[in-house]
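J.: Sequence first, then the predicted structure:
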Amino acid sequence: MTFWLIANWKCHKSSDDGRRWFDHFARLYRPHPQLQVVIAPPVVALENLAGHLHGLGLAGVALASQDISPFPRGGYTGAIAADMVSPFADYVLVGHSERRRYFHESDREVVNKVGEAVEFGLRPIVCVEPDNRLARLAPLHDIADGAAELIIAYTPVSAMNFRIPETPARVAEAVAELRRQNPAWPVVYGGSLRPDMVDPYLEIPGLQGLFIGAASLDADDFAAISTSCQAFLASSGRT
């Protein structure tokens with residue numbers, strides 16, 4: 001069973017910054033067969049970092065686009081179609097609360113983006129909040145039809161706004177409900193986690209990954225979280 005460790009750099013880091021981050025992370029990172037690390041840099045750095053990552057040869061590390069257009073190529077000024085990023089990324093973040101809050105992204109756009117991602121071989125990481133569960137995004141089932149392509153990221157906006165993670169007990173409740181509704185799709189949790197606090201979240205039944213924001217900007221911090229994930233996988237004997 002795969003465990004995902006996802007980094008969202010948001011609107012931080014140039015290509016040069018990203019290469020330095022990867023160089024430092026490569027010295028600290030140790031792969032584990034069940035751990036998949038996914039890094040989402042700004043889209044302008046994707047192509048450059050894809051080449052750099054290939055040169056480093058880090059096993060179990062892939063890139064994600066932070067967003068894609070809900071439309072295919074065409075007359076959409078400023079948009080980036082899914083097939084434009086698919087040569088450089090394996091994953092794409094969709095429906096993040098910041099996209100909804102600042103760019104007024106609707107449920108319909110989220111569904112369209114998932115459709116574009118699936119069509120062009122990108123695995124969507126769909127962000128949901130306590131009041132925005134996948135029940136409101138029922139058409140996703142028509143697109144992915146329960147297949148393993150989609151990852152659910154439970155990302156309560158309160159945890160990000162106040163820099164305080166939801167308690168492991170509350171996350172466990174949300175994960176159980178999301179897994180009940182969508183048993184074929186893995187669930188990861190994101191919300192202000194730091195290296196010194198991840199261990200209790202790793203123990204949550206049914207949780208298959210962590211989604212890291214601010215702590216992923218520092219390669220030492222992110223490598224420390226990676227080491228915790230590796231130690232948990234080794235001790236739990238997950239397969």
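T.: Alright, I've got the coordinates.
J.: Might one say that Pro124 is in contact with Glu149?
T.: Yes. Counting by C-beta atoms under 8 Å, Glu149 is a contact partner of Pro124 at 7.0 Å. Every residue, glycine included, has its C-beta placed from N, CA and C.
J.: more crowded one of these two?
T.: The neighbour count for Pro124 versus Glu149, taken as other C-beta atoms under 10 Å, is higher for Pro124 (28 against 17).
J.: beta partners of that one?
T.: Residues in a beta bridge with Pro124, per DSSP bridges, are Val92.
J.: Val37 versus that one, what's the distance?
T.: Using C-beta to C-beta, to the nearest Å, one obtains 18 Å as the distance from Pro124 to Val37.
J.: With Leu28 instead?
T.: From Leu28 to Val37 the distance is 12 Å (C-beta to C-beta).
J.: So for these two, which residues contact both of them?
T.: By the contact definition C-beta atoms under 8 Å, 6 or more residues apart in numbering, Leu28 and Val37 are jointly contacted by Ser226.
J.: So between these two, which is more surrounded?
T.: Val37 (25 against 13).
J.: Just the residues contacting the strand or helix carrying that one, thanks.
T.: Remark: Val37 resides in strand 35-40, with elements defined by DSSP states H and E. With contacts defined as C-beta under 8 Å, 6+ apart, strand 35-40 is touched by 2-9, 22, 29, 49, 58, 60-66, 90-91, 93, 125, 216, 226, 229-230, 233.
J.: Let's test this: mean pLDDT of that strand, rounded?
T.: Strand 35-40 shows a mean pLDDT of 98.
J.: Now do the strands for this protein: every range, in order, please.
T.: Assigned by DSSP state E, the strands in the chain fall at 3-8, 35-40, 61-65, 91-94, 123-128, 151-154, 187-190, 207-212.
J.: Of the ones you listed, which stretch is the most buried?
T.: Comparing those by mean neighbour count (mean count of other C-beta atoms under 10 Å), strand 91-94 ranks first with a mean of 26.
J.: hmm, who's touching that one?
T.: With C-beta under 8 Å, 6+ apart as the test, strand 91-94 has contacts from 6, 8, 38, 40, 62-68, 82, 85, 110, 113-114, 117, 122-127, 151, 153.
J.: can you check stretch 10-23 too?
T.: Stretch 10-23 is contacted from outside by 9, 39, 41-42, 44-45, 48-49, 52-53, 56, 58, 66, 98, 213, 217, 219, using C-beta under 8 Å, 6+ apart.
J.: Within its sheet, name the partner strands of the strand holding Val37 and how each one runs.
T.: Assessed with DSSP bridges, strand 35-40 is paired to strand 3-8 (parallel), strand 61-65 (parallel).
J.: gap between the two ends of stretch 61-70?
T.: 26 Å (C-alpha to C-alpha, to the nearest Å).
J.: Let me see the mean pLDDT of it.
T.: Here the average pLDDT along stretch 61-70 is 97.
J.: before we move on, what about stretch 44-57?
T.: Average pLDDT, stretch 44-57: 98.
J.: what's the spacing between it and its chain's center?
T.: Here stretch 44-57 shows a centroid-to-chain-centroid distance of 18 Å under the convention C-alpha atoms, centre = their mean, to the nearest Å.
J.: in that stretch, what's buried?
T.: Using 16 or more other C-beta atoms under 10 Å as the test for burial, stretch 44-57 gives Ala45, Leu46, Glu47, Asn48, Leu49, Ala50, His52, Leu53.
J.: do stretch 220-230 as well
T.: Within stretch 220-230, judged by 16+ other C-beta under 10 Å, the buried ones are Asp221, Phe222, Ala223, Ala224, Ile225, Ser226, Ser228, Cys229, Gln230.
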